[in-house]
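I'll drop the sequence and a predicted model, then ask my questions.
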Amino acid sequence: MSHRIVAGGREFSLPRMTLPVFIELLLQMLVGSMDQLMLSQYNETAVAAVGNANQIMMILILCFNVICVASTILLSQFLGAGETKKAEQIYTLSAGLNLVISVVLSLFLFLFAGPILHLMQVPPEAFAESKSYLRITTLSLPCQALMLTFSAFLRSHAKMFVIMCSNGIINVLNILGNLLFIYGIGPFPRMGAAGAAVSTSICRMIGMVLMIYAFFRSVPGARISLQDLRPFPMPLFKRFLSIGLPAGGEGLSYNLSQAISLIFVNMMGTCAVSTRIYTCMLAQVCYMLTSAVGQSNAIIVGYCIGAREYDKADRQNWYVLRLFAPITLALTCIMALSARPLFGFFSSDPAVIALGQQVFLVEIFLEIGRCFNIVLVRNLQAAGDVAFPVSIGICSQWLIGVGVAYLLGIHFGLGLVGIWIAFALDENLRAIIFVIRWKRGRWRRSAPV
């Protein structure tokens, strides 16, 4: 595959941008799998404990993503239009907002970790470990917020390789930290889920330092200064929020709906919780290539929009979908056929393996819709059409992803398989709507820089 495109006066190579992002996602997936594998060897309840805690953490991290998404979109457009002064204002505005938000959320979660886990109906046998993991990791939320913010800055400058190297270092350190703190190697205590939390927190602090260093080293002349916000650029701030809140809201809504569906899964017991966690981990393999392409392609589309090259943005959108949707589908089918040994790698429980095989058959249909959603939503956001995806997302995710999940999974007794059928219906319905939206070209009328 060799695909180059000139957008906003700058040449981009989609393969060269995508490969580092793909490797970065692959490393994250492997490390996440390693976390769960290590914990499953410690005990099965630790897997359920961390799975529940991470669902809450993901929601809070997506609050930071509101700022990061707005940064990526606006920076791509400003850089495509040659507006370097406005780009510098975005740097300061984004870093400041995410730092303040992360400190407030960190304090809130530390104080109310117990009540939140009770609301999620975490199984009693996993509650103590889940609370311990959550309270430890929440202390490093500000580090995570700044790490994501500076990663967004680098992504807007197409510095994917730098991000990949930084995340590679972080992920390797996380594995080593898990070995030390989960099992208690050498002088370190055996801490289980709490040990995984300590390792995660240390890696977030190191990751923050690496990303900040990489940004200033890789983007010559870039600066972050409060002087860039004097006088305060209120029109830019309003535009920032008008993009960030809806764009980040789509992901936030999705993960909130997933948290509610996790309550239904918790009602089914530890076996269903563990199967859900393993299924989500394996599903990442199916869509992470498309996710990597979607992230890279959105940068190119943003530069096209900034330079008012709308036809070029349209061709780029369909090129990516035609190429990568069949690849994602084929990979999902292969994994569904291999589900038994794959689930057996994570668990020796026959019930978990059998349930995982059933769920992954539904995953085939789910991935068809998710592939289109990943690419189209990112491209619509990059074009400035941000309100529509979040509106459709909220309606579909909650009416189908939660409502139908309850009916099929709980009311009609289909269990985790019923919940996964609802997820597949949600993804495919949104995919159809977004295809129609892009074809109609409403995104072309989004105000350029």
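Structure's in. What do you need? Numbering: from 1, shown residues only.

make it CA atoms for all contacts and neighbour counts henceforth
OK.

Could you point out the helix or strand that follows the helix or strand of the chain with the lowest mean pLDDT?
Between all helices and strands in the chain, the lowest mean by mean pLDDT, DSSP states H and E belongs to helix 14-42, at a mean of 71. Downstream of helix 14-42, the next assigned helix or strand under DSSP states H and E is helix 44-81.

Point out the other helices and strands that that next one packs with.
helix 14-42, helix 84-119, helix 124-138, helix 141-156, helix 193-218, helix 234-266, helix 270-306 (3 or more CA pairs under 8 Å, 6 or more residues apart in numbering; DSSP states H and E).

mind running it again at 6 Å?
If contacts are counted by 3 or more CA pairs under 6 Å, 6 or more residues apart in numbering; DSSP states H and E, helix 44-81 sits against helix 14-42, helix 124-138, helix 141-156, helix 234-266, helix 270-306.

Contact partners for Leu39?
Contacts for Leu39 (CA atoms under 6 Å, 6 or more residues apart in numbering) come out as 46-47.

how close does it get to Ile182?
7 Å (CA to CA, to the nearest Å).

how near is the residue of the chain most remote from its centre to Trp398?
Relative to the C-alpha centroid of the chain, counting by CA atoms, centre = their mean, Pro187 is the outermost residue, at 35.2 Å. Here the distance between Pro187 and Trp398 works out to 48 Å (CA to CA).

before we move on, back to that, Three-state assignment for the residue farthest from the centre of the chain, please.
Secondary structure, DSSP: H, G, I helix; E, B strand; the rest coil: Pro187 is coil.

What are the phi and psi values at it?
With angles defined as degrees, to the nearest 10, Pro187 sits at phi -80, psi 0.

re the thing from before, mind putting the helices and strands packed on helix 44-81 in TSV, distance to Phe360 included?
Shown next, in TSV, are these (distance: least, CA to CA, whole Å):
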stretch	distance to Phe360
helix 14-42	17
helix 124-138	25
helix 141-156	31
helix 234-266	16
helix 270-306	7
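
Tell me which of these lies nearest to Ile419.
helix 234-266 (7.7 Å; CA to CA).

List the buried residues for that closest one?
Neighbour-count burial for helix 234-266 flags 237, 240, 243-266 (criterion: 16 or more other CA atoms under 10 Å).

on that earlier part again, highest average neighbour count across the helices and strands packed on helix 44-81?
helix 141-156 (a mean of 25; mean count of other CA atoms under 10 Å).

quick one: contacts of it?
Applying CA under 6 Å, 6+ apart, the contact partners of helix 141-156 are 64, 68, 72, 76, 98-99, 102-103, 106, 204-205, 208, 211.

repeat for stretch 110-118
Arg135.

Please repeat the previous calculation with a cut-off of 10 Å.
49, 52-53, 56, 105, 109, 121-124, 127-128, 130-139, 263 (CA atoms under 10 Å, 6 or more residues apart in numbering).

Could you check how far Asn98 is from Val320?
From Asn98 to Val320 the distance is 32 Å (CA to CA).
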